[in-house]
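Peer 1: what's the 3D shape of this:
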Amino acid sequence: MRLLRFRADLAQFPLLQGAAYNRNFVYFESDDAIVPQTVSSLASAGCAVIVVSLFLLPSLRGAIIVVGILLVIDIVILGFMALWGLPLNLLTMVNLTISIGFSVDYATHTTHAFCHCMGQKRGLRAFEAVLLVGGPLLHGALSTQLAVIPLAFVDSPVLSVFFKMTTLVIIVGVTHGLMLLPVLLSLIGPMQQSQQKMVQQLLALQKQYDRLEEQIVACGGSRENPRLKKQRKALRRLIEQQEQPPETARDACLEFAKGLCPDHPKNVFLRNRQIRNWVQQEK
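Peer 2: Got it, this is the predicted structure:
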């Protein structure tokens, strides 16, 4: 602010041809540009994380969750910086950018393990993911913290700030990656690929059932056709079994398809002659 005030005062008297100078003005310039530079650096790091996560994680939703966790981690670190008396300057800006690289390990490994776990429900898969990667992540965080502990005893402001920022990044990253992230994954985490295929099969069977109902009604039959009522109950039971193991879901889908069309279990388009026979049996 002092630098800007000096420049404004000199601009009012152009004939003086004066110049405001102080050896600390270079730091004033950096303080004036630190906020936009910090936002730009964090945004660039976040975009890089998104691109890499899209290639390495098998789910777009998982990549979005990882980026969201990293954003929350940076916000929490900024809050603790204020409590610890660390101003936003060139040194802390560099550590904030580095925190993306530290924290992405905790978030990405947990999400990647979650996507490949085979639990029946999201909660079980989140628990399994923490069991698989929790130990290695804690060991990595502990080894990193042990490496920077000697900096706490060095009489240097720069190294002291680096120690504080690294400690904040490790503590906040581990707690969010192994505590908050599993909770989010258990609620809105990506489904397994086999479960996604199962849901697609259920949607296809729903369309097949609707087509069967329309054709029976078009041939003069009733919506209370016994075959329709039976398949309606079977479809409802299938929908309730979406959280079952993939093998159980596939078997149930196949049985439902056979019930819709015994002669052609894989054929979505049923023959009108067969439908007419069902209608005649009903009458």
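
Peer 1: for Thr166, which non-adjacent residue is closest in space?
Peer 2: Spatial nearest neighbour of Thr166, excluding adjacent residues (CB to CB, 6 or more residues apart in numbering): Val148 at 4.8 Å. For the C-beta atoms, the positions are set from N, CA and C on the backbone; glycine is no exception.

Peer 1: tell me how this protein divides into domains.
Peer 2: If you go by the TED database, the domain ranges for the chain are 34-188, 194-244.

Peer 1: and Leu146, what element?
Peer 2: Secondary structure assigned from DSSP states H and E places Leu146 in helix 122-148.

Peer 1: quick check: buried residues in that helix?
Peer 2: Across helix 122-148, burial judged by 16 or more other CB atoms under 10 Å covers 122, 125-130, 132-134, 137, 140-141, 144-145, 148.

Peer 1: and the residue nearest to Thr166, what is it in contact with?
Peer 2: Phe162, Phe163, Thr166, Thr167 (CB atoms under 8 Å, 6 or more residues apart in numbering).

Peer 1: relative to Gly173, how far out is the first one?
Peer 2: So that's Phe162. Distance of Phe162 to Gly173, computed by CB to CB, to the nearest Å: 16 Å.

Peer 1: okay, now the unreliable bits of the stretch 151-283 of the chain?
Peer 2: Counting by pLDDT under 70, the stretch 151-283 of the chain contains low-confidence residues at 191-206, 208-209, 212-225, 227-283.

Peer 1: redo that, cut-off 50
Peer 2: Applying pLDDT under 50 to the stretch 151-283 of the chain picks out residues 243, 245-247, 261-276, 278-279, 282-283.

Peer 1: can you report phi and psi for Leu88?
Peer 2: phi -80, psi 110 (degrees, to the nearest 10).

Peer 1: so what pLDDT did it get?
Peer 2: Each residue has a pLDDT score; the one for Leu88 is 84.

Peer 1: not counting its neighbours along the chain, what's nearest it?
Peer 2: The shortest distance from Leu88 to any non-neighbouring residue, by CB to CB, 6+ apart, is to Ile34 (5.8 Å).

Peer 1: do the same with Ala152
Peer 2: Spatial nearest neighbour of Ala152, excluding adjacent residues (CB to CB, 6+ apart): Phe163 at 4.9 Å.

Peer 1: check contacts around Val35.
Peer 2: Contact partners of Val35, counting by CB under 8 Å, 6+ apart, are Leu88.

Peer 1: helix/strand/coil for it?
Peer 2: Using DSSP: H, G, I helix; E, B strand; the rest coil, the secondary structure recorded for Val35 is helix.

Peer 1: roughly how far does it sit from Leu42?
Peer 2: 11 Å.

Peer 1: between the helix or strand where the residue nearest to Ala152 lies and helix 122-148, how many degrees?
Peer 2: Using DSSP H and E, Phe163 maps to helix 157-175. Relative orientation of helix 157-175 versus helix 122-148 (axes from the mean of the first three to the mean of the last three CA atoms, to 10 degrees): 160 degrees.

Peer 1: I'd guessed Leu181 sits against Thr110; true?
Peer 2: Yes. Here Leu181 lies in contact with Thr110, judged by CB atoms under 8 Å, at a distance of 5.3 Å.

Peer 1: distance of Leu42 relative to Ile98?
Peer 2: Taking CB to CB as the measure, Leu42 and Ile98 are separated by 11 Å.

Peer 1: looking at the two, which has the bigger crowd around it?
Peer 2: Leu42 (18 against 15; other CB atoms under 10 Å).

Peer 1: give me the secondary structure label for the more buried one.
Peer 2: Classified using three-state DSSP, Leu42 is helix.

Peer 1: what's near enough to touch the residue lying closest to Asn89 once chain neighbours are set aside?
Peer 2: Nearest non-adjacent residue to Asn89, counting by CB to CB, 6+ apart: Ile34, 6.3 Å away. Each residue near Ile34 by CB under 8 Å, 6+ apart is listed here: Leu88, Asn89, Leu90, Met93.

Peer 1: much appreciated, bye for now.
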